[in-house]
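>>> requesting a structural model of the entry that follows:
(one chain, ligands or ions: 1)
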Amino acid sequence: MTKPVPETLANLGERGLIARMRGAMPSRADVLIGAGDDCALVAWTEREDLVLKSDPVREGHHFLPDTDSRLVGRKALARVLSDFASMGAEPRWALADLVAPADAPVSRIEGVFEGFAALAREHGVALVGGDTSCGDALELHVFCAGAVPHGRALLRSGAKPGDLLFSTGPLGDSFATGRHLTFEPRLAAGRRLRDAGAHACIDVSDGLASELWHLARESGMHLHVDLSAIPVSPTLAGRPDAIAHALGDGEDFELLFAATAPVEAEPGALPYPPAFGRVVGPAPGGAVTCSATPGGAPRPLPESGFDHFLAT
Ligand SMILES: [Mg+2]
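Numbering: from 1, shown residues only. This is a model prediction of the structure:
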């Protein structure tokens, strides 16, 4: 008799885990958006909704043992700020929990907080506390709170039939160029999209394919993508695997958004690339298709973005 295979995170996957936990989470009447979007939203004042987000970075997973420690601290905060950007929100206060081996050089930890503090100052974020714990490898867990004008947050669930799909910048070379450590969180772009009336938004952290599926599912829509129109990074130009990198690599931290028409980029920024897809219409549970060329035969787009558990 074969033994039943125990269910593990590796075969459940991140999405499966979140879907299962979402139904069992304790809630309150003032929770506006719980798990399932880039940040949580809570009713706060008449003018503003409270925005909450946390995220860890771990050695060997998000950075390497020899990564410049200032970039480790910077990336840990930048990832959280990118989620604030995707909602058009303003981050204000941060807490950071540090996990490190007892023999870690103090200079390495100082470097982590140097990088964190420099980015925090740039965006007006105060570091108001946190905690430390001993562990096998370096980790930094960042929690941020902030605000968005009441009822104005950009959500994953807002895509509407006829919307066009855009990215705020090129995709696919974050690992080849090391930009996953140095990217600028697109906070100004997020506010721009919010004020321009974009319908839905998500940051590209796990890969474009994965983010398209998140938008499709949360909006209950069928999205269609013209693969030849995906804005791939210029450093990948001419490479046959450029689109695969854009769809699957992740950590580009540009914003994927749905809007009725192109949006003019914020002052000082490069223009956003032209649309590469559209919202076809309602589809319960969401659907994403693609074609190799404009008007080409549609086929399903696999959700081949990065999954934190399936990839291990
Ligand atoms: Mg996100």
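
>>> pretty sure Val232 contacts Leu171?
Yes. If you go by CB atoms under 8 Å, Val232 and Leu171 touch, sitting 6.3 Å apart. Any C-beta I mention is one placed from the backbone N, CA and C, and that applies to glycine too.

>>> for Ala153, which non-adjacent residue is spatially closest?
Met87 (4.5 Å; CB to CB, 6 or more residues apart in numbering).

>>> tell me who's in contact with that neighbour.
Neighbouring residues of Met87 by CB atoms under 8 Å, 6 or more residues apart in numbering: 37-39, 41, 51, 148, 153-155, 190, 194, 201.

>>> so which of these would count as near the ion as well?
Under the cut-off given by CB under 5 Å from the ion, the ion has Asp38 from the contacts of Met87 close to it.

>>> between the contacts of Met87, which is nearest Val31?
The closest of the contacts of Met87 to Val31 turns out to be Leu41 (CB to CB; 7.7 Å).

>>> mind saving the C-alpha coords of the helix or strand the closest one falls within as CSV?
Secondary structure from DSSP states H and E places Leu41 in strand 40-43. What follows is strand 40-43, C-alpha atoms only, in CSV (Å, rounded to 0.1, in the frame of the first residue of the first chain):
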residue,chain,number,x,y,z
ALA,A,40,-3.9,45.8,3.4
LEU,A,41,-6.2,48.8,3.9
VAL,A,42,-8.0,49.8,7.1
ALA,A,43,-10.6,52.5,7.7
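
>>> contacting residues around the very next helix or strand once past it?
Using DSSP H and E, the helix or strand that follows strand 40-43 in sequence is strand 48-58. Strand 48-58 is touched from outside by 32, 38-44, 63, 72, 75-76, 79-80, 83-84, 87, 89-91, 137-151, 153, with contacts defined as CB under 8 Å, 6+ apart.

>>> and those, which of them are in strands?
32, 40-43, 90-91, 139-149 (DSSP state E).

>>> buried subset of these as a PyMOL selection?
Only the buried entries of the ones in strands among the contacts of strand 48-58 go into this PyMOL selection, using 16 or more other CB atoms under 10 Å:
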select buried, resi 32+40+41+90+91+139+140+141+142+143+144+145+146+147+148
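
>>> in terms of secondary structure, what does the strand holding Leu41 contact?
Here strand 40-43 touches strand 31-33, strand 48-58, going by 3 or more CB pairs under 8 Å, 6 or more residues apart in numbering; DSSP states H and E.

>>> what are the pairing partners of that strand, and which direction each?
strand 31-33 (antiparallel), strand 48-58 (antiparallel) (DSSP bridges).

>>> redo those as a markdown table? Include mean pLDDT.
What follows is the strands paired with strand 40-43, written out as a markdown table (pLDDT from 0 to 100):
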| stretch | mean pLDDT |
| --- | --- |
| strand 31-33 | 96 |
| strand 48-58 | 97 |
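
>>> need the nearest residue in space to whichever residue of the stretch 51-200 of the chain sits closest to the ion, chain neighbours excluded.
Nearest residue of the stretch 51-200 of the chain to the ion: Asp83, at 4.4 Å (CB to the ion). Nearest non-adjacent residue to Asp83, counting by CB to CB, 6+ apart: Asp38, 4.1 Å away.

>>> one step back: and among the helices and strands packed on strand 40-43, the most buried is which?
Stretch with highest mean neighbour count among those: strand 48-58 (a mean of 20; mean count of other CB atoms under 10 Å).

>>> from Gly197, how far out is Ala126?
31 Å (CB to CB, to the nearest Å).

>>> tally of neighbours for the closest residue to the ion within the chain?
Using CB to the ion, the closest approach of the chain to the ion is made by Asp38 at 3.9 Å. By other CB atoms under 10 Å, 27 other residues sit near Asp38.

>>> that one against Ser86, yeah?
Yes. The pair Asp38 / Ser86 is scored as a contact, 4.4 Å apart, by CB under 8 Å.

>>> which bits of the stretch 101-250 of the chain sit near the ion?
Contact residues (CB under 5 Å from the ion) of the stretch 101-250 of the chain with the ion: 203, 205.
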